[in-house]
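Peer 1: Let's see this in three dimensions:
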Amino acid sequence: LSNESRARFCEEILSLHSEMHGRPRQRLPEDPVRDKDEQSKIAHLESLLAEVLRNHRGRCYTKEALQKNARLLEINPEVYTAWNFRKLAVKQLLESEKEDTARRSILGEELQVVERALKHNYKSYGAWYHRKWVVNFGLSSLDHEFHLLDKFLVADNRNFHGWHYRRFAVCLKNISEEEELQYSIRKINENFSNYSAWHYRSVLLSKIFKNKLSEKLMQQEVLTEEYELVKQAFFTEPDDQSAWLYHLWVVDQTVAPLGPRLMGCWPSNGFTLTQSMIEASTTFVWGFYTPFKSNHCLHGQALYSVLCFSEPVLGVSAKTIVFKSTPEIKNLCEVDWRPVSESGAGSSSNWVGEIILPSSALGDRINYSFQMLVGIVPGIYSKDGQSFLGPILVNFILEWKPASLVACHNENFIESILLWPSKNATVVQSFSRVWGHGGKDLVNALSVKPNTGLDGGIEWQVIRLESQIVTCRELLSIEKDSKWAKLTLARLLMAYNNLAGGQFVNHHYTDEMLQLFKDLVDIDPTHSYYYKEQYSIVLMDKMTNDSQKLQGYWWESEESDATVLNNCGSNGWLRLHELSLSKLAFLERLLWVQRLDLSYNMLQSLDGLEALQLLVCLDISHNVLSHVTSLGPICSIKSLAALNISHNEIGDHMIDTYRYSFPSLHNHSMEDAKAEKCRNEGRLIEGGSWEVAAVFGCMQLKQLEIYGNPLANNDVYRKQLIELIPTLIWLDGVEVSYYL
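Peer 2: Alright, predicted model coming up:
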């Protein structure tokens, strides 16, 4: 890095650490008397520390050595080496004693050392961990531990170390969850603001629900009682966050399905695709109509299928996803499924299957009916072990069409550069909205109605949510500007609209949610970005859940289709531009889209776009993408041919500030691994960026716009991009040969 880059990097890190929990750090004014006293304490502490370390290296476990060690820990309990020294000493002393009485005496002394240390700092990790280590020998009184905990939790009822230690002691004494629920309610009644007690209650109930999955009525009765309990709390203290956060957990338990759901798929149920072969070529054209009667198509030997789940899943394979056809095609079930973007341990929310039809089937020139049975064989499950809520049946048709009837050109045909959609329609580049095509209803045709797995519990869920909506409105009639009441009401309305895959959508709720999040931006500007993200999610839902609404964002270009991107048969664009979007959502409803305009928004991340595996053209110019790695989600879209990332902030930040609030060893280890991989594969030129290599090295772009980013001012990056993308023809509106 250059000196200027290093300085900028340091400034970013310092700015990230200038606050703690949202509060600015305060420096004490200079005081010579206090400073002199502190220097004396530091000298004494350094002397003790040096002696303890000397004893540790010399394995000196005498009584005097232990006493000095104890004095050090009473002053500073955060010296982990001193605690480790005591563990080694105690082990040696215990080995020399055979009588339980003597062993209890040794361990009792250790517990007293810990108590004195905790009096100095009752949030010391080392002290609490050492106490657990001592108690685990099984010779200490657990009643004494609970008595001590009661004192600590009276002094500080939100000390998470104390609560964590209580869970440890409860396990040792085999106290039931039901008994501990009574303890939690006592602490809550003492103080409604005791978030730790509310959290402990959620932990206990989660265990009970998990152990009694079959007792649905019991769970519903418990949650109903919890709603009444938390209602008392936030009507008593409407500005306290503890009860509101617990209420959010109760709502999650109310609406949460019992496993991952299939949210969308491609080809979607009831869809018809066409198949043809380009003359004098072995390339096949797969065509289909959008909901607005525009023709789209793809080139290639294989037909791709996309599955979008509600959460990352494992086990998607040819065994759990079964294909059948009429007439029958042999070996059709041998589909290779791969995760689009891994979420850890090989799981992913989005999966792509490559359906390679035998040449005999492709040459038969007949129509086929396909059935895709998702989860017909058990084996698809979430990372926490919950089974997929299926099976789901998807039917689609593949029709043969002569090449002359397919409105698609050869993908290698190049005549002119693509003209991107402008901010407003102009004479030079004219776009017009498409009206009156009467497209299919997107919810029914382009997404999957998931099974909620609640076996008749929908009615109870609806009643509970409606009741809570009434409660929040009642509170808002008293506390009109209550941040938590407005936020909770918005979340309840979102949960209601999303219940059972959108079967209970209330469009009046949608407009109310949008207004609530607008109000919250003004009431609570500190968390404005979160509210804007939630606003974007609601807006995306509103735009995509109804074909008539989405039709207003579908534009047909009046330009000729003879461009660099003729592997896309339509000039139609889905233009979600100038909407102030800061987060993308419900993209499983847009799997059919090939040209997408997201320009002039406020996007910092492209998370979710990886699901759009048919995407050919993407315009994300004039957003606030801060780093090359922000483009990571679109790396896996093999069909992507044109990308416009102009006028963002790429290259202006040394780290991806959206993904990492601060650097860590974990982040560095991941980045070092990616950089090493790029070097080994020869994708990292001298002076180049491993991030650029990792992101663009697997793309097959023909057109790329990067101007308006700090990155574009560096000739090394331009050279690296040209070398990384051999298919690239146009870079910033100029043929790449110009740069060579």
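
Peer 1: what kind of secondary structure is the nearest residue to Val593 once chain neighbours are set aside in?
Peer 2: In space, and not counting its chain neighbours, Val593 is closest to Leu574: 5.0 Å by CB to CB, 6 or more residues apart in numbering. For the C-beta atoms, the positions are set from N, CA and C on the backbone; glycine is no exception. Three-state call for Leu574 (DSSP: H, G, I helix; E, B strand; the rest coil): strand.

Peer 1: any idea how far Leu574 lies from Leu148?
Peer 2: According to CB to CB, to the nearest Å, Leu574 and Leu148 sit 63 Å apart.

Peer 1: With neighbour numbers in mind, choose between those two.
Peer 2: Leu574 (21 against 18; other CB atoms under 10 Å).

Peer 1: Please enumerate the helices of the stretch 101-250 of the chain.
Peer 2: Under the criterion DSSP state H, counting those that start in this stretch, the stretch 101-250 of the chain carries helices at the ranges 125-135, 142-155, 160-173, 177-190, 195-211, 216-236, 241-255.

Peer 1: Tell me the gap between the shortest one and the middle of its chain.
Peer 2: Looking back up the chat, that one is helix 125-135. In terms of CA atoms, centre = their mean, to the nearest Å, the centre of helix 125-135 is set 34 Å apart from its chain centre.

Peer 1: Show me the residue at the heart of the chain, geometrically.
Peer 2: Asp607 (8.1 Å; CA atoms, centre = their mean).

Peer 1: neighbours of the residue lying closest to it once chain neighbours are set aside, just the number please.
Peer 2: Sequence neighbours aside, Pro633 is the residue nearest to Asp607 in space, at 5.5 Å (criterion: CB to CB, 6+ apart). By other CB under 10 Å, the residues close to Pro633 number 21.

Peer 1: and if you look at the one 4 residues further on?
Peer 2: As a burial measure, the neighbour count of Ile637 was computed by other CB under 10 Å and equals 23.

Peer 1: Same question for Leu493.
Peer 2: Leu493 has 21 nearby residues by other CB under 10 Å.

Peer 1: got a pLDDT number for it?
Peer 2: Looking at Leu493, its pLDDT is 94.

Peer 1: Also Ser214?
Peer 2: 58.

Peer 1: Give the ranges of residues in the stretch 201-350 of the chain that sit below the confidence cut-off.
Peer 2: Where the stretch 201-350 of the chain drops to pLDDT under 70, the residues are 213-214, 277-284, 293, 333, 342-344.

Peer 1: same check, this time on the stretch 601-740 of the chain
Peer 2: In the stretch 601-740 of the chain, residues with pLDDT under 70: 653-688.

Peer 1: can you pull out the strands in it?
Peer 2: Here the stretch 601-740 of the chain has its strands, by DSSP state E, counting those that start in this stretch, at 617-619, 642-644, 703-705, 730-731, 734-735.

Peer 1: will you turn these into JSON lines that also has distance to Val230 and mean neighbour count?
Peer 2: Converted to JSON lines, the strands of the stretch 601-740 of the chain look like this (distance: least, CB to CB, whole Å; neighbours: other CB atoms under 10 Å):
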{"stretch": "strand 617-619", "distance to Val230": "44", "mean neighbour count": "25"}
{"stretch": "strand 642-644", "distance to Val230": "48", "mean neighbour count": "24"}
{"stretch": "strand 703-705", "distance to Val230": "51", "mean neighbour count": "22"}
{"stretch": "strand 730-731", "distance to Val230": "57", "mean neighbour count": "20"}
{"stretch": "strand 734-735", "distance to Val230": "62", "mean neighbour count": "11"}
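
Peer 1: any chance of the ones you listed in a markdown table, plus distance to Cys472?
Peer 2: Output for the strands of the stretch 601-740 of the chain, formatted as a markdown table (distance: least, CB to CB, whole Å):
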| stretch | distance to Cys472 |
| --- | --- |
| strand 617-619 | 39 |
| strand 642-644 | 43 |
| strand 703-705 | 46 |
| strand 730-731 | 53 |
| strand 734-735 | 56 |
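
Peer 1: all helices of the stretch 251-400 of the chain, in order?
Peer 2: Using DSSP H, counting those that start in this stretch, helices in the stretch 251-400 of the chain cover 359-363.

Peer 1: For it, which segments are assigned as strands?
Peer 2: Under DSSP E, counting those that start in this stretch, the stretch 251-400 of the chain gives strands at 262-266, 271-277, 284-289, 295-300, 303-314, 321-326, 336-339, 348-355, 368-374, 381-382, 392-400.

Peer 1: for those, which one sits closest to Leu520?
Peer 2: strand 303-314 (26.0 Å; CB to CB).

Peer 1: So for the helix or strand where Val33 lies, what gets flagged as buried?
Peer 2: Val33 belongs to helix 32-57 when assigned by DSSP states H and E. Using 16 or more other CB atoms under 10 Å as the test for burial, helix 32-57 gives Leu48, Leu49, Glu51, Val52, Asn55, His56.

Peer 1: can you check stretch 237-245 too?
Peer 2: The neighbour-count check on stretch 237-245 (16+ other CB under 10 Å) flags Glu237, Pro238, Asp240, Ser242, Ala243, Trp244, Leu245 as buried.

Peer 1: got a list of contacts for it?
Peer 2: The contact list for stretch 237-245 (CB atoms under 8 Å, 6 or more residues apart in numbering) reads 192-195, 198, 230, 233-234, 475, 479, 482-485, 487-488.

Peer 1: Would you agree Leu295 is in contact with Tyr289?
Peer 2: One correction, residue 295 is Asn, not Leu. Yes: using CB atoms under 8 Å as the test, Asn295 is close enough to Tyr289 to be in contact (5.9 Å).

Peer 1: measure stretch 314-331 end to end?
Peer 2: The straight-line separation of the ends of stretch 314-331 (CA to CA, to the nearest Å) is 23 Å.

Peer 1: contacts for it?
Peer 2: Contacts of stretch 314-331 (CB under 8 Å, 6+ apart): 307, 332-337, 339, 345-347, 351, 353, 355, 357-358, 361, 366, 368-383, 388.
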